[in-house]
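Visitor: next come a sequence and a model predicted from it.
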Amino acid sequence: MVAKEIRPNANGIGKLTPGADSAGEGMPGSSRSDAGVRRRELLITTAMTFVFSATSARALVVKGSLPWATNAGTPPTTVHPGPWVYFTPEEGAAIEALVDRLIPPDPQTPGGKDAGCAVFIDRQLAGSYGSAEGLYMHGPFADGTPQQGDQSPLTPAARYRQALAALDKYCRATYSAKSFVQLSDDEKDKVIVGLEKGQVQLEGTSGRTFFEYLLQNTREGFFADPVYGGNRDMVGWKMIGFPGARYDYRDWVERHNERYPLPPVGIAGRPE
Amino acid sequence: MTRKLPATDVVIVGLGWTGSILALELTGAGLNVVAIERGPWRDTATDFPPAYAQDELRYRIRHDLFLRPEQLTMTFRNNADQTALPIRSWGSFMPPNGVGGGGVHWNAETWRFLPSDFELRTHLVGRYGEKFLPEDMTIQDWGITYDDLEPHYDKFEYLCGTSGKAGNIKGRIQAGGNPFEGARSREYPTPPQKQPYGPTLFAQAAREMGYKPFPQPSGNLSQAYTNPLGVTIGPCTYCGFCEWFGCGNYSKASPQTTILPALIRRPNFEARTQCEVSKINLDKSGKRATGVTYVDTSGNEWEQPADLVLLCAFQLFNVHLLLHSGIGKPYDPRAGEGVIGRNYSYQVTSSVDAFFDDKIFNPFIASGSIGMCIDEFNGDNFDHGPHGFVGGGYMGAVQTNGRPIQTARTPQATPRWGAEWKKAVAKSYLSSYEAVTHGGCYSYRDVYLDLDPTYTDRFGRKLMRLTFDFHENELKMSTYLTDRLAEVVQKMGPRQLDKHPRRGHYDVTVYQTTHTCGGAIMGVEPKTSALNRYLQSWDVPNLFVMGATAFPQNPGYNPTDTVGALAYWAADAIVNHYLKSPGPLVQI
């Protein structure tokens, strides 16, 4: 039997690097979701014993006390604005135009583009989400019923690449050689409605499925913690009145029908 | 090559709630126990500390704490005429992984089943006659009664410190509790959690309509509590990150916050993590388990011999391991024979969305199990005669969270994007409310688990195949429950009310609950059950199978309290009866 390494975290946070925890050590490592260095600290600081021979197993035996060490957590890595990581400049511009129609700007709240939804999607596609890490991606691939879920062999990253190229082709063919970015707002909305309703056919891929991915990822970018590159300055949270990553509302549970007074906080703190 | 390890008294497959309880009880009886867990060790400080536990994207949307489908999934189809296809990304339910199992990321709704739930077929046939039940419905009695289980419910709740208000203590109805519940031996360990605005309004409306609302029993504690093992759980802070999340505050009952700190100190206990059991081994007679084979993260295969094998994995994977190990006769839906894979069941949930102009609900001030509920329409608490269906569920205003990616709701007919959507979300987030029904799901001849002919896991083993669709009885029930719920919500005075009863085919992509049940059920005879009343395999007496795997059908409550109680019940039978005379605890 050959077992493939499965990473405990599929979202790119705290990845276990295959082989890292036994390299050069001559002893079995633990299988925690921590970095290799911390794993060695664990071995030293806790009362774990290993029943396996030195070169064979990486399985952790926990005995005697909890396997705990300081700073052994796996906080997320902050996304910073800047050049596209996954998208080409053309793809990035198209996504910015799309997210700004899905969530358009208004006088109170920025739209999807200024909220960072495109940056969010770019970084997600460049990471483990984009590569479908952890998902079951073995064939045979067959079309199923809607109730059976997405059966495509495409990763999310590949799906965006294919769909954006096909969307560009569709727009140029339909709107006298203009790209999606160059369309008027009304024309953009017409294209998006067409994708949503399955009326706009994209070459080689389903426009409707792409729309569902795009809408879900855009909402994620608008409402996820700002640490992931979207929800810039917590605009999504401020718009609805969600206080974010606060952790103690005991004093407020029974204050009925009153607006909670404190501004939102994120995992990495507050912008101001 | 498989390497053989020194024998142990007991090997436990899976270190979640049931594995932890069994390990505790059996190490307490002096046995050497090895627990083998497929996922990583998990703990508060390392995996979900309050510094970043409140991360909707990471834990809810990207499924950080759950099993990876790449490691193991199953195939699904609505009926036997379709070709099953793999569940490539989790949707309808979320299989757990790692130490603590589902106990890490549950909502902590801690309900007991009704006395009549345990004797369901006898009860319903007695009241309505055999012909009232659909012909293909395969519900049956559990082989135990509520009274058998009561001391074990009590033990699990006092382990957890459950917060609630008793409705029935030793037969006396208690004001403010659930008057329909079975008799309890004593009050809950801790008082109910505080209630936010929505549940308070719901309870007021329900009371005016003549119902008897009560606080939902909660494993997120209203106050600090030290359990009989000396482990202290902190008070819940109502942060609204419970289901899908580990509690960063040590406030949610889980193996980590109730058992493991005590268990790990015992010299006769050992856990091996990220080791996946691939098979339960049998001797030549096929009637005795010799231990298990498992694979570690390097792909090395090990054999762990043991006198007693306890299958404590998640419900679906218990059945998968039984099928792969050739234990028990696989179910054949055409003949209606065989027991492994038989009587799979699920849960039938629905909701009512209400939109108000003048109210602020602060949905983010939440706990996975606060809320005010009514139980008038659960189980057989009402006369089903006029309605043409059986079963029911609890319903209420259960304020579990206000996480915006998941819950930003808009009135029906609002566009899903654009300026109108944005405006509706901004207007509705604080001033709308979702109330829910939590209905049972009974078992049927054509709903089952077996091995898939096409798709395999990373070891080349066949995936399990799930064949399931909702039946007319359950859809009728959902419509009825949703209508009753809507009547109460209407009394709360919304501008608009949208009913969402469960309709159409079961959809494996839409989250409903992780209450998958059955497949190796307990019962009174080996022809129609895989396990006897002590959760002992009829075929292999030194194998016990824990969890909701044993439920013959699923009542209208969350399963964990009963799963915990059954684990204590089985542990009691093992320690006080089996160990004295190893062999079948029920003679056929």
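Guide: Structure's in. What do you need?

Visitor: now do the buried residues in stretch A:103-117.
Guide: The neighbour-count check on stretch A:103-117 (16 or more other Cβ atoms under 10 Å in any protein chain shown) flags A:I103, A:P104, A:T109, A:P110, A:G111, A:G112, A:K113, A:D114, A:A115, A:G116, A:C117 as buried. Using the backbone N, CA and C atoms, a C-beta is placed for each residue, glycine as well.

Visitor: which ones among these also lie next to chain B?
Guide: Restricting the buried residues of stretch A:103-117 to those near chain B by Cβ under 8 Å from any Cβ of the partner chain leaves A:I103, A:P104, A:T109.

Visitor: can I get those residues in TSV with pLDDT and distance to B:F214?
Guide: Converted to TSV, these look like this (pLDDT from 0 to 100; distance: Cβ to Cβ, whole Å):
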residue	pLDDT	distance to B:F214
A:I103	98	41
A:P104	98	45
A:T109	98	41
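
Visitor: longest helix of chain A?
Guide: Longest helix in chain A by number of residues, with DSSP state H as the criterion: helix A:156-174.

Visitor: C-terminal to that helix, which secondary structure element comes first?
Guide: Under the assignment DSSP states H and E, the closest C-terminal helix or strand after helix A:156-174 is helix A:185-196.

Visitor: which residues are in contact with that following helix?
Guide: Applying Cβ atoms under 8 Å, 6 or more residues apart in numbering or on different chains, the contact partners of helix A:185-196 are A:97-98, A:101-102, A:104, A:167, A:170-171, A:175, A:180, A:183, A:199-200, A:202, A:207-208, A:210-211, A:215, B:416-418.

Visitor: and those, which are buried?
Guide: In terms of neighbour count (16+ other Cβ under 10 Å), the buried residues within the contacts of helix A:185-196 are A:97-98, A:101-102, A:104, A:167, A:170-171, A:175, A:180, A:183, A:200, A:202, A:207-208, A:210-211, A:215, B:417-418.

Visitor: restricted to strands, list the ones next to chain B among the buried residues of stretch A:103-117.
Guide: Using DSSP state E to define strands, no part of those is located there.

Visitor: helices of chain A, start to end?
Guide: Using DSSP H, the helices of chain A run over residues A:36-45, A:89-102, A:117-126, A:156-174, A:185-196, A:207-223, A:235-240.

Visitor: how about TSV for those helices, with mean pLDDT added?
Guide: Below are these laid out as TSV (pLDDT from 0 to 100):
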stretch	mean pLDDT
helix A:36-45	34
helix A:89-102	98
helix A:117-126	98
helix A:156-174	98
helix A:185-196	98
helix A:207-223	97
helix A:235-240	98
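
Visitor: most tightly packed of those helices?
Guide: Most buried of the helices of chain A, by mean neighbour count (mean count of other Cβ atoms under 10 Å in any protein chain shown): helix A:117-126, with a mean of 26.

Visitor: off-centre distance for it?
Guide: How far helix A:117-126 lies from its chain's middle: 7 Å, per Cα atoms, centre = their mean, to the nearest Å.

Visitor: tell me which parts of the stretch 151-272 of chain A are close to chain B?
Guide: So the stretch 151-272 of chain A meets chain B at A:151, A:189, A:192, A:196, A:215, A:218-220, A:223-225, A:227-228, A:236-237, A:239-250, A:252-254, A:256-260, A:267 (Cβ under 8 Å from any Cβ).

Visitor: helix/strand/coil for B:L475?
Guide: When classified by DSSP: H, G, I helix; E, B strand; the rest coil, B:L475 comes out as helix.

Visitor: for B:V277, same thing?
Guide: Three-state call for B:V277 (three-state DSSP): strand.

Visitor: so it touches B:E37, yeah?
Guide: No. At 9.2 Å, B:V277 and B:E37 do not qualify as touching, with contact defined as Cβ atoms under 8 Å.

Visitor: quick one, which of these two is more surrounded?
Guide: B:E37 (32 against 26; other Cβ atoms under 10 Å in any protein chain shown).

Visitor: got a list of what that one touches?
Guide: B:G14, B:L15, B:G19, B:G98, B:V99, B:A271, B:R272, B:T273, B:Q274, B:C275 are the contacts of B:E37 under Cβ under 8 Å, 6+ apart.

Visitor: which one of these has the most neighbours?
Guide: Using other Cβ under 10 Å as the neighbour criterion, B:L15 leads the contacts of B:E37 with 32 neighbours.

Visitor: hang on, that one packs against B:A271?
Guide: Yes. Under the criterion of Cβ under 8 Å, B:L15 makes contact with B:A271 at 5.7 Å.

Visitor: who touches both of these two?
Guide: Joint contacts of B:L15 and B:A271 (Cβ under 8 Å, 6+ apart) are B:A35, B:I36, B:E37, B:V99.

Visitor: enumerate every residue touching residue 114.
Guide: Because you didn't say which chain, this covers chain A. Listed by Cβ under 8 Å, 6+ apart, the contact partners of A:D114 are A:D100, A:P105, A:R232, A:V235.

Visitor: my bad, the chain I had in mind was chain B
Guide: By Cβ under 8 Å, 6+ apart, the contact set of B:L114 is B:Y146, B:F180, B:E181, B:G182, B:N378, B:G379, B:D380, B:N381, B:P555.

Visitor: for B:R266, phi and psi?
Guide: Backbone torsions for B:R266, taken as degrees, to the nearest 10, come to phi -80, psi 130.

Visitor: next one: B:R465
Guide: phi -110, psi 130.

Visitor: that one: how many residues sit nearby?
Guide: 24.

Visitor: residues contacting it?
Guide: The contact partners of B:R465, taken as Cβ under 8 Å, 6+ apart, are B:M74, B:T75, B:F76, B:R77, B:A84, B:L449, B:D450, B:L451, B:D452.

Visitor: and of those, the nearest to B:C239?
Guide: B:M74 (32.9 Å; Cβ to Cβ).

Visitor: can you get me a residue count around residue 144?
Guide: Using chain A here. Burial of A:G144 is recorded as 19 neighbouring residues (other Cβ under 10 Å).

Visitor: sorry, should have said chain B
Guide: B:I144 has 22 neighbours, counted by other Cβ under 10 Å.

Visitor: that one touches B:S529, doesn't it?
Guide: No. Using Cβ under 8 Å, B:I144 is not in contact with B:S529; the gap is 11.7 Å.
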